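1. no letters, just coordinates:
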């Protein structure tokens, strides 16, 4: 009887602690990432359009909460529109938020989900490690589950950010081919995504590094004797134009402090 009473008390305590964190803005941020992580594999495998739209609604929820907290709640007492505009230009969360709206209303592109899935996976794991498990289940940092989560995040977070950068370049190639084949609204998508990727290139060490790796590999492929001279000439012209384009800045020159990408920015914002 005493054991049963103790179990009921523990269960009631967990329930109360869970209900407490459910009331927080941070939990709604987590719920958006949880939905993205849960639904993305099913959407990627089935191509279900409803799931695709629902995923981007969840993305907008999570990134919207970050922006709301950072630019409204934290600056509510000293609202400065000019300062906020400058900060937004340096905040990749803002650009990912805008891009998510574009993907939501454009024809479905399953590959575009992958970067958001990776972000959401790591945000969700961090939330479980630092908030949910310690507060609801009262686990300390030495608990095996928390140690495993911490180890996974530490070992794969940096690597996955490079994967995200690679996927974003693959998406660019995909969008270019769709535009050349005159898919519905493909040219609008190409223009917007190219601007987004240019901003990412200016601010992200991961995309800059991956782009350089791709260029070295392409240089090796194009230099092969079997490649026709016309193809080599086209490639070299394209490469020179891209190098010239990279010299033009869309975001302010001091935006390099936003280097950490949306993944780490999101973690700090909550």
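-> Structure's in. What do you need? It should be emphasised that the depicted structure is a prediction, and the values quoted were computed from it without experimental measurement.
2. C-alpha only now, for contacts and for neighbours.
-> Fine.
3. and residue 226, helix, strand or coil?
-> Applying DSSP: H, G, I helix; E, B strand; the rest coil to residue 226 yields a three-state assignment of coil.
4. quick check: it vs residue 237, distance?
-> As judged by CA to CA, to the nearest Å, residue 226 and residue 237 stand 19 Å apart.
5. and those two? which has more neighbours close in?
-> Neighbours per residue (other CA atoms under 10 Å) separate residue 226 from residue 237, with residue 237 holding more: 12 against 8.
6. how close does that one get to residue 231?
-> Distance from residue 237 to residue 231, counting by CA to CA: 10 Å.
7. and the pLDDT at residue 79?
-> Confidence per residue is given as pLDDT, and for residue 79 that number is 61.
8. wait, residue 266
-> Per-residue pLDDT puts residue 266 at 45.
9. run through the stretch 51-200 of the chain and note the low-pLDDT ranges.
-> For the stretch 51-200 of the chain, applying pLDDT under 70 flags the ranges 75-81.
10. would you map the helices across it?
-> Shown for the stretch 51-200 of the chain, the helices assigned by DSSP state H, counting those that start in this stretch span residues 81-89, 92-105, 113-127, 133-136, 144-180, 186-203.
11. of these, which stretch is the most buried?
-> Using mean count of other CA atoms under 10 Å, the stretch among the helices of the stretch 51-200 of the chain with the largest mean neighbour count is helix 113-127, at a mean of 21.
12. other SSEs contacting that helix?
-> With contacts defined as 3 or more CA pairs under 8 Å, 6 or more residues apart in numbering; DSSP states H and E, the secondary structure elements packing on helix 113-127 are helix 25-46, helix 144-180, helix 261-269.
13. any idea of the angle it forms with helix 25-46?
-> Using axes from the mean of the first three to the mean of the last three CA atoms, to 10 degrees, the inter-axis angle of helix 113-127 relative to helix 25-46 is 140 degrees.
14. start at 53 instead
-> Happy to do that; since the first residue is 53 now, the last one works out to helix 165-179.
15. next one: helix 165-179 to chain centre, how far?
-> Taking the mean C-alpha point of helix 165-179 and that of its whole chain, the gap between them comes to 7 Å (CA atoms, centre = their mean, to the nearest Å).
16. cool, stretch 167-185 as well?
-> In this view, stretch 167-185 has its centroid 12 Å away from the chain centroid, taken as CA atoms, centre = their mean.
17. who's in contact with that stretch?
-> Counting by CA atoms under 8 Å, 6 or more residues apart in numbering, stretch 167-185 makes contact with 82, 85-86, 88-89, 92, 111, 191, 198, 201-202, 205, 209, 212, 216, 219-220, 314-315, 318-319, all of which sit outside it.
18. try it again with 6 Å
-> 85, 88-89, 191, 198, 216, 315 (CA atoms under 6 Å, 6 or more residues apart in numbering).
19. give me the number of neighbouring residues for residue 117.
-> A total of 22 residues lie near residue 117 under the criterion other CA under 10 Å.
20. reformat the contacts of stretch 167-185 as TSV; add distance to residue 64.
-> As requested, the contacts of stretch 167-185 are exported to TSV (distance: CA to CA, whole Å):
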residue	distance to residue 64
85	27
88	30
89	29
191	17
198	23
216	41
315	35
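21. and the two most separated of those residues?
-> Spatial extent of the contacts of stretch 167-185 (CA to CA) is set by the pair 191 and 216 at 31.7 Å.
22. about what we covered before: of all the contacts of stretch 167-185, which comes closest to residue 72?
-> For the contacts of stretch 167-185, the residue nearest residue 72 by CA to CA is residue 191; the value is 16.6 Å.
23. grab the nearest non-local neighbour of that closest one.
-> Using CA to CA, 6 or more residues apart in numbering and skipping the chain neighbours, the partner closest in space to residue 191 is residue 185 (5.9 Å).
24. separation between the one you found and residue 171?
-> If you measure residue 185 against residue 171 using CA to CA, the figure is 20 Å.
25. and for residue 109?
-> If you go by CA to CA, the gap between residue 109 and residue 171 works out to 15 Å.
26. repeat for residue 274
-> On the measure of CA to CA, residue 274 and residue 171 end up 34 Å apart.
27. how about residue 296?
-> Distance, residue 296 to residue 171, using CA to CA: 31 Å.
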